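Student: below: sequence and its predicted model.
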Amino acid sequence: MEAQFENSGFYKVEKDYLRFLHSKDSQVFYMNTERYERKPHFGIIVGINDMNYCIPLTSAKPRHLNWANISRQNILIYEIANRSSLCKTDIYKQVGINSYKKIMAVLEIRKMIPVNNDLCTYIDFSQEQDPNYRALLEKEYRFLSPMKDMIAQKASELYWEQQQTGIIRPCYCNFNTLETAYHEYIS
């Protein structure tokens, strides 16, 4: 069964729900910090075993510099920048004479989680008070938006491979465990 986007965008997933899922599968992204409520997830994917899934983004880390831009389990979100626009804290590597690949975030398809409309809230960029954070979210969304179909295809492939083989690869969420936890949480 093919996956597709019903409503693409960034969403905030309820923190208590993320904590609950993390207690069932440690691969679910969750940290008990005040700012963690701002963590965005991309899209709502429908058509995967009659469940809606959100895919989390994670901030750039030095280890991401050696990752492929697009792989079966994630997508690097980056921009090409010149040296003068980079900050000391940016994660980047040189790709040309004066051009650098600056990684902004990573879309972690292998960490997608089941959700419903009551568990997530659409992020309206215009309501974001921090202009730097708003600009970052807008850049990340513009980067991912043209890839919606490919992201849905990758999500579907990962999900069905796990269902058919029963193999949970290292650092992947266990989708059966999460679906059971989802039903437990909402009842």
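Tutor: Great, that's in hand.
Student: what's the pLDDT at residue 6?
Tutor: Per-residue confidence at residue 6 stands at 59 (pLDDT).
Student: and if you look at the one 3 residues further on?
Tutor: Reported pLDDT at residue 9 in the predicted model: 85.
Student: the one 4 residues further on too?
Tutor: For residue 13, the pLDDT comes out at 90.
Student: correct me if wrong: it contacts residue 116.
Tutor: No - using Cβ atoms under 8 Å, residue 13 makes no contact with residue 116, being 10.5 Å away. No exception for glycine: its C-beta is placed from N, CA and C like everyone else's.
Student: give me the more crowded residue out of these two.
Tutor: Summary of the neighbour comparison: residue 13 and residue 116, criterion other Cβ atoms under 10 Å, with residue 13 having more neighbours (22 against 13).
Student: and the gap between the closest residue to that one other than its chain neighbours and residue 41?
Tutor: Of all residues not flanking residue 13 in the chain, residue 120 sits nearest, at 4.8 Å (Cβ to Cβ, 6 or more residues apart in numbering). For residue 120, the distance to residue 41 equals 7 Å [Cβ to Cβ, to the nearest Å].
Student: show me where the protein has its strands.
Tutor: 4-13, 40-48, 51-59, 74-81, 91-94, 100-108, 113-115, 120-122 (DSSP state E).
Student: need the residues touching each of residue 120 and residue 41.
Tutor: 11-13, 54 (Cβ atoms under 8 Å, 6 or more residues apart in numbering).
Student: enumerate every residue touching the spatially most central residue of the chain.
Tutor: Among the residues of the chain, the one closest to the centroid is residue 56, at 2.4 Å (Cα atoms, centre = their mean). Listed by Cβ under 8 Å, 6+ apart, the contact set of residue 56 reads 29, 39-42, 107-108, 111-113.
Student: what's the answer for residue 172, then?
Tutor: 27, 73, 110-111, 158, 162.
Student: now with 6 Å, please.
Tutor: residue 110 (Cβ atoms under 6 Å, 6 or more residues apart in numbering).
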